[in-house]
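Student: Fold the stuff below for me.
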Amino acid sequence: MQIYQESRGELLRFLTARVGDRAEAEDLLHDLWLRIQSADAGPIANGRSYLYRAAQNLVLDRARARQRRLVRETAWSERGDDHTTEPADPRADIEAEIAARENAAALAAAMAKLPEKAGLVFRLHKIDGLRHAEIAARLGISRSGVEKHIATAMTHLRRALDGGTT
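Tutor: This next block holds a predicted model:
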């Protein structure tokens with residue numbers, strides 16, 4: 001630490017020459033101080049060389065960070081996006097999404113209250129995508145019976161979703 005105090009002025013001039021800005025050089029010098037304070041280095045043969053190498057590494061790290069930021073900002077501007085008008089969430093309007101979820105929950109609750117056979121036929125047709133003839137064959141009922149169960153289910157669902165009772 002004594003070598004740092006003795007070399008502080010020289011290090012500041014060294015860093016100022018590298019970055020071209022005294023304030024930035026002061027920041028780097030402070031970063032250097034923090035780095036050597038927290039370092040678990042063993043014995044150092046040449047403390048002055050160590051400080052200059054660490055200072056040079058900080059300059060390089062800062063230049064690399066600046067370059068990465070420049071590449072990122074250039075890519076952003078080349079896309080031509082106006083970030084002030086871009087929605088924060090590219091999905092549908094959040095209110096519409098909440099309403100859709102509430103409607104889905106209401107539909108699921110209404111379906112759970114359907115008469116057993118009507119609910120089964122409705123799910124086979126609307127969710128599983130089976131045709132009326134396939135449902136009739138699977139359940140051993142007529143196509144007309146399938147149609148009546150679907151009509152019953154639709155009536156119950158309409159009433160439930162329109163605020164009526166089932």
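Student: rest of the way, CA atoms for contacts and neighbours
Tutor: Noted.
Student: who does the helix or strand of the chain with the lowest mean pLDDT touch, helix- and strand-wise?
Tutor: One helix or strand of the chain scores below all others by mean pLDDT, DSSP states H and E: helix 94-112, with a mean of 86. Under the contact criterion of 3 or more C-alpha pairs under 8 Å, 6 or more residues apart in numbering; DSSP states H and E, helix 94-112 touches helix 143-161.
Student: And the helices in the chain, which stretches?
Tutor: Using DSSP state H, the helices of the chain run over 2-19, 22-38, 47-79, 94-112, 116-122, 132-139, 143-161.
Student: Make CSV out of these and add mean neighbour count.
Tutor: What follows is the helices of the chain, written out as CSV (neighbours: other C-alpha atoms under 10 Å):
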stretch, mean neighbour count
helix 2-19, 15
helix 22-38, 15
helix 47-79, 13
helix 94-112, 13
helix 116-122, 20
helix 132-139, 15
helix 143-161, 18
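Student: which stretch in those has the least confidence?
Tutor: Sorting those by mean pLDDT places helix 94-112 lowest, at a mean of 86.
Student: which residue sits closest to L58, ignoring its sequence neighbours?
Tutor: Closest residue to L58 apart from its sequence neighbours, by C-alpha to C-alpha, 6 or more residues apart in numbering: L28 at 6.7 Å.
Student: and the gap between that neighbour and G9?
Tutor: L28 sits 13 Å away from G9, going by C-alpha to C-alpha, to the nearest Å.
Student: before we move on, what about N103?
Tutor: 70 Å.
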